[in-house]
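S.K.: task: produce atomic coordinates for the following.
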Amino acid sequence: MSWTEDADRRGAVGLPPAVQFREKWRIALAQVRAVQQADFAITAVVVDADYGTNAAFRAGLERLGLSYGVAIRGEAVFTVPGVTPAPVSAHDLATSAPDDARETATWGTGTAGPRGSTTCCICPQRRRSSIWSRSPAAAGRSSSRIAS
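M.R.: Predicted coordinates for the structure are as follows:
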């Protein structure tokens, strides 16, 4: 049993019975909807891999008519219609990208040396045979950031 279902534990932390568990991605979508309903214009949503790997979250953004840029983990598997004949991992797809589709950034120095990451930007291009684009902003499409 989850602690949120345990009345004694809920009482100990002052969690009212009316407050129920909701996944973070559902809370995030509700917040995005609330911002839209308040007549704020959202041009795009950018999220980390915890949200980016969640297909239901991405579908929710699409239903709201929003462009998005998401980070995904390299082990994510998907197909790219017209590009990949079979499911492929994000890592393998990023590895096959041209060199100019990848960027390496470093920041600070940790105990093991410089800290950094290499990323690959993949922008789905509808009605094209290639998915590689140097500038996701210029492409005006959703994009994924793959950390290797």
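S.K.: without its sequence neighbours, what residue ends up closest to the residue nearest to the spatial centre of the chain?
M.R.: Nearest to the mean C-alpha position of the chain, by Cα atoms, centre = their mean, lies residue 52 at 1.9 Å. Leaving aside its sequence neighbours, residue 52 sits nearest to residue 70 (Cβ to Cβ, 6 or more residues apart in numbering; 3.0 Å). Every residue, glycine included, has its C-beta placed from N, CA and C.
S.K.: need phi/psi at residue 93.
M.R.: Taking degrees, to the nearest 10, you get phi -70, psi -40 for the backbone angles of residue 93.
S.K.: do you know the pLDDT at the nearest residue to it once chain neighbours are set aside?
M.R.: Among residues not flanking residue 93 along the chain, residue 122 sits closest, at 6.7 Å (Cβ to Cβ, 6+ apart). On pLDDT, residue 122 comes in at 71.
S.K.: how many neighbours does residue 122 have?
M.R.: Neighbours of residue 122 under the rule other Cβ atoms under 10 Å: 23.
S.K.: that one pairs with what?
M.R.: Counting by DSSP bridges, residue 122 is bridged to residue 132, residue 144.
S.K.: does it touch residue 97 like I think?
M.R.: Yes - between residue 122 and residue 97 there is a contact at 7.1 Å, judged by Cβ atoms under 8 Å.
S.K.: on contacts alone, who are the packing partners of the longest helix seen in the chain?
M.R.: Criterion DSSP state H: the longest helix present in the chain is helix 24-37. In terms of contact count using 3 or more Cβ pairs under 8 Å, 6 or more residues apart in numbering; DSSP states H and E, helix 24-37 is assigned the packing partners helix 49-52, helix 55-63.
S.K.: could I get the ones you listed as a markdown table with distance to residue 79 and mean pLDDT?
M.R.: Formatted as a markdown table, those follow (distance: least, Cβ to Cβ, whole Å; pLDDT from 0 to 100):
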| stretch | distance to residue 79 | mean pLDDT |
| --- | --- | --- |
| helix 49-52 | 17 | 87 |
| helix 55-63 | 13 | 92 |
